[in-house]
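In: got a sequence here, can you model it:
(3 chains)
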Amino acid sequence: MGGAATILHADLDAFYASVEVRDNPALRGKPVAVGGGVVLAATYEARRFGVTAPIGGAEARRRCPNLIIVPARFDAYVEASRAVMAIFDDFTPRVEAISIDEAFLEVGGSVHLFGPPEAIARRIRERVRAEMGLPISIGVATTKHLAKIASRVAKPDGLVVVPAGEEERFLDPLPVGMVWGIGPVGEERLARYGIRTIGELRAMPQSSIVGWFGDVWGTHLWERARNDDSRAVERRGRAGSVGAQSAGDATDPERRHTTLLALADRIGGRMRRKQVAGRRVTIRIRLDDMSLLSRARVLSGPIAETTPLFRIAVELVDSLIAERAANRGITLVGISVSMLEEAPHLQMVLPLEDEAVTTSGSRSHLRARELDAAVDKARERFGRPAVSRGALLRGTPEERSPTEAMGE
DNA sequence: TCTGGGGTCCTAGGACCC
DNA sequence: TCTGGGGTCCTAGGACCC
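Out: Sure thing, here's the model as predicted:
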């Protein structure tokens, strides 16, 4: 089976909460949660009381009366994440960041410089502790999947190495919920067949698992149970979608439209900053019973402008509500844009570009682009709240703009 | 215990084409 | 005569991850 154990999975412990404790020593050793309405992260002292993301703030206080709740500072977390990833880069060029607080590292090529993988893992942990003041756990194994499980077992603030040849002995006693991709629903389904550990899952014939979970998923799970995972560590390309959502009462149309505009604006701004545009717009609503409904539209050309995105979203959301959720409470709305393409020309409107845009798009498309550019620029100088787009909300969507900015 | 916001991937079924 | 099989694209929904 496979080669040597050269894949690291590094995972910062209780990341947001650890940053808060680091920056405010008075919090050290105390039960701390980050968030407000909902707990986003909690220190291990708080977890002992059952405070885990994502429970509500009120419930968290009930479980742990001494809990200290601090608001999230996302800028600080992004900054800390970048610095930690830069430390990883010092040990290997093959770093695959999979979220703000975790990454895979392939260190097979770094052994001649820094010693065996276990030594590299130890040095990384020391540097992150010394330079960033943050605890980090690392798993070392022959595959990504196993390294990820190993880092979970290592938590908090630990290191677990699974040498080549030891994979099954390590995996078999662990609960199936540790397998990446098996959540509460999958765990429950497997329990009905009497399968609770990875070893029990591994003992099942592939045909049974495929029968339960479908072709693709079943095969994935079967392979993961036997550590059959050949995925390489690769630097990530850009994301496949850009989205935003907002929980809260959106039953009233006016309020809903205001929320949708804010979401479209946030998404549009992010897309323009990343220089991408997308062809599919998906909206999502949540009803008062927590059920979710979605609707999508594929456009003939990609968009990244706030105005058309807003108008398409309103249309999809309102028609979905009219057809499927009239007289129901709406508790969340969300927009997402996918099927992204590079769009390097989006950010600025230059004089020369006017012609190109007018011939390939419509006149209103160009105006939307100019408006976006102006708003983006003003925000850069004066900050977000300085500029709002009140005019878009007056009247019905149809009255606002003469042309649909989607493809022609 | 009724819970945020950002994502990914998969399934099933329908429309449509040859 | 309503009938094959294969492929692609799209829509809606679900589960999962951090």
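
In: so which strand or helix has the closest residue to residue A:131 other than its chain neighbours?
Out: Sequence neighbours aside, residue A:87 is the residue nearest to residue A:131 in space, at 6.8 Å (criterion: Cβ to Cβ, 6 or more residues apart in numbering). No exception for glycine: its C-beta is placed from N, CA and C like everyone else's. Here residue A:87, judged by DSSP states H and E, is contained in helix A:74-89.

In: that helix: what's the following helix or strand?
Out: Next along the chain after helix A:74-89, taking DSSP H and E as the criterion, comes strand A:95-99.

In: in its sheet, what does that next one sit against?
Out: strand A:102-106 (antiparallel) (DSSP bridges).

In: what angle do the partner strand and helix A:74-89 make?
Out: 10 degrees (axes from the mean of the first three to the mean of the last three Cα atoms, to 10 degrees).

In: who are the contact partners of the residue in the stretch 151-300 of chain A that DNA strand C sits nearest to?
Out: Residue nearest to DNA strand C within the stretch 151-300 of chain A (Cβ to the nearest atom of the strand): residue A:183, separated by 2.5 Å. Contacts for residue A:183 (Cβ atoms under 8 Å, 6 or more residues apart in numbering) come out as residue A:177.

In: list the buried ones in stretch A:208-220?
Out: Buried positions in stretch A:208-220, judged by neighbour count with 16 or more other Cβ atoms under 10 Å: A:209-210, A:212-213, A:218, A:220.

In: near DNA strand C, which residues of the stretch 1-150 of chain A?
Out: Proximity of the stretch 1-150 of chain A to DNA strand C (Cβ under 7 Å from any atom of the strand) is limited to residues A:54, A:98-102, A:148.

In: go on, the stretch 301-408 of chain A?
Out: residue A:324.

In: so which residues of the stretch 301-408 of chain A form strands?
Out: Counting by DSSP state E, counting those that start in this stretch, the segments of the stretch 301-408 of chain A that form strands are A:330-342.

In: tell me which parts of the stretch 301-408 of chain A are close to DNA strand B?
Out: So far as Cβ under 7 Å from any atom of the strand goes, the stretch 301-408 of chain A lies against DNA strand B at A:332, A:334, A:336, A:338.

In: run a quick neighbour tally on the second one.
Out: If I follow you right, that is residue A:334. 22 (other Cβ atoms under 10 Å).

In: with the first one instead?
Out: Residue A:332 has 17 neighbours, counted by other Cβ under 10 Å.

In: can you tell me the element the spatially closest residue to it that is not a sequence neighbour falls in?
Out: Spatial nearest neighbour of residue A:332, chain neighbours left out: residue A:286 (3.7 Å); criterion: Cβ to Cβ, 6+ apart. Using DSSP H and E, residue A:286 maps to strand A:276-287.

In: can that strand be found next to DNA strand C?
Out: Yes. On the criterion Cβ under 7 Å from any atom of the strand, strand A:276-287 is in touch with DNA strand C at residue A:280.

In: then that strand to CSV, C-alphas only?
Out: Once non-C-alpha atoms are left out, strand A:276-287 reads as follows in CSV (Å, rounded to 0.1, in the frame of the first residue of the first chain):
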residue,chain,number,x,y,z
VAL,A,276,-14.4,36.8,-12.1
ALA,A,277,-17.9,36.7,-13.5
GLY,A,278,-20.4,33.9,-13.4
ARG,A,279,-23.2,32.5,-15.6
ARG,A,280,-25.4,30.8,-13.1
VAL,A,281,-27.4,32.6,-10.4
THR,A,282,-28.8,30.4,-7.6
ILE,A,283,-31.1,31.8,-4.9
ARG,A,284,-32.1,30.0,-1.8
ILE,A,285,-34.8,30.7,0.8
ARG,A,286,-35.5,29.1,4.2
LEU,A,287,-39.0,28.8,5.4
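
In: please compute how far it lies from its chain's middle.
Out: Distance, stretch centre to chain centre, for strand A:276-287: 16 Å (Cα atoms, centre = their mean, to the nearest Å).

In: right, is that strand up against DNA strand B?
Out: No. Using Cβ under 7 Å from any atom of the strand, strand A:276-287 stays clear of DNA strand B, coming no nearer than 7.5 Å.
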